[in-house]
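Novice: pasting the structure only:
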């Protein structure tokens, strides 16, 4: 049964906007609707529910803020991404008060829009307890490293090309493989995983190709993973651990698109897409003679490398917030906030176990939190960043230096001063100030509201 498409409404009077948006999401199960006025947007929302709205606050007809109010009235839980020009700051603040998910300045940076839309749809699905895949899977991150990964994956999703995913343990290699499968042409077929390092050489060959055994006049047949994956994707985890004899057999299948079960004589057709993964440098293993060169070029047609978490610390707040939503649903809790001090400690740690370690640690910290906030005291002591801590991440260069004080200053006063200085140094350009602070523009606006900081020069 075909899944219902994700319905996105674009409220924008620029003629090519919807066409460009449709081009970006082509190949996904998305339905893009568009209109050029606020009045039309309200009519479309009243006629049919949508999964997300992109709203230009400057559209003609019903003013953008009034359109936003009507949309929220018709569908209170829908994520709305607002577009604005730099001279409509007050309108953006008002939209954020009304519950806008994010805002972007015009002219639109399409990759940022796509990233924000991904997160909005994902969070809405998690909040509603849905198992709907929407357009994207759970590749969370706004860092340029993760954006490069997402762009690379999107380029080959609609093909049958073999993919090699490399990255340290815990970076999400199988998650990326499943995303490619579930959004590609074989999404209705099975996703079958083989962990090459978990079984011995002889057993792995039988596991992959199946085997036949004769008992007198009868033959016992056990299909392998290749047969189970017919019409879908075969995922080979830690392919570098594949024994030489299995490599030869696998290479033959790649070239001929046919194989034989172990102990069998019948040639069987293979109809699978190959996605492989390795935490080691497979190219280096090839050059050392530990992995066949011809097989390497067969499985690494399109390589993608997942970055370690320590190289993308700006993604940690996004990941932490996503996991907190998961835990609230799983454990029936209502933890609402991760304190800034807690996020600073998480960003300071280097995460040798990557995203897997972050999630595991946050589960324990979540269960230790008795109230609605995740505080530093709920984290393990090993995350404290001492000067000689080998797991300490590289510090981020500050945007300014606060004056020395001979007494403890409340954190909110320090944070307010940092925000004010950032605005002045950036000449009150919100995007530049947010970038210098290492936070999103939406977060910056909320902090300015919190501390009642004047937005204008």
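Specialist: The structure has been received and is ready for your questions. As the structure is a computational prediction, the values presented were derived from the model and not from experiment.

Novice: As a check, name the ranges of all helices in the stretch 251-400 of the chain.
Specialist: Counting by DSSP state H, counting those that start in this stretch, the stretch 251-400 of the chain has helices at residues 282-287, 293-299, 316-331, 340-348, 354-368.

Novice: what's the closest of those helices to residue 419?
Specialist: Evaluated over these, closeness to residue 419 peaks at helix 340-348, with 11.8 Å, by Cβ to Cβ. C-beta here means a position set from N, CA and C on the backbone, and glycine is covered the same way.

Novice: Mind giving me the packing neighbours of that closest one?
Specialist: helix 316-331, helix 411-425 (3 or more Cβ pairs under 8 Å, 6 or more residues apart in numbering; DSSP states H and E).

Novice: list the buried ones in that helix?
Specialist: 340, 342, 343, 345, 346, 347, 348 (16 or more other Cβ atoms under 10 Å).

Novice: again, but for stretch 351-363
Specialist: Quick answer for stretch 351-363 (16+ other Cβ under 10 Å): 351, 353, 354, 355, 358, 359, 361, 362.

Novice: which of the residues you listed are the two that sit furthest away from each other?
Specialist: The two members of the buried residues of stretch 351-363 with the most space between them (Cβ to Cβ) are 354 and 362, at 13.1 Å.

Novice: Mutual contacts of these two, please.
Specialist: Counting by Cβ atoms under 8 Å, 6 or more residues apart in numbering, no residue touches both residue 354 and residue 362.

Novice: all strands of the stretch 101-250 of the chain, in order?
Specialist: Listed in chain order, the strands of the stretch 101-250 of the chain (DSSP state E, counting those that start in this stretch) span 102-105, 163-166, 191-195, 210-215, 218-223, 233-237.

Novice: Show me what counts as buried in the third one.
Specialist: It refers to strand 191-195. Neighbour count says strand 191-195 has 191, 192, 193, 194 buried, by 16+ other Cβ under 10 Å.

Novice: and that strand, what does it pack onto?
Specialist: helix 173-182, helix 201-209, helix 225-228, strand 233-237.

Novice: How about the fifth one?
Specialist: Judged by 3+ Cβ pairs under 8 Å, 6+ apart, strand 218-223 is in contact with strand 210-215.

Novice: returning to that earlier point: right, and the strands of the stretch 101-250 of the chain - which one's nearest residue 253?
Specialist: Nearest of these (Cβ to Cβ): strand 233-237, 10.0 Å.

Novice: Let's see the pLDDT reported for the residue nearest to residue 340 when sequence neighbours are not counted.
Specialist: Leaving out its chain neighbours, the residue that sits closest to residue 340 by Cβ to Cβ, 6 or more residues apart in numbering is residue 415, at 7.1 Å. pLDDT, residue 415: 75.

Novice: What of residue 198?
Specialist: 78.
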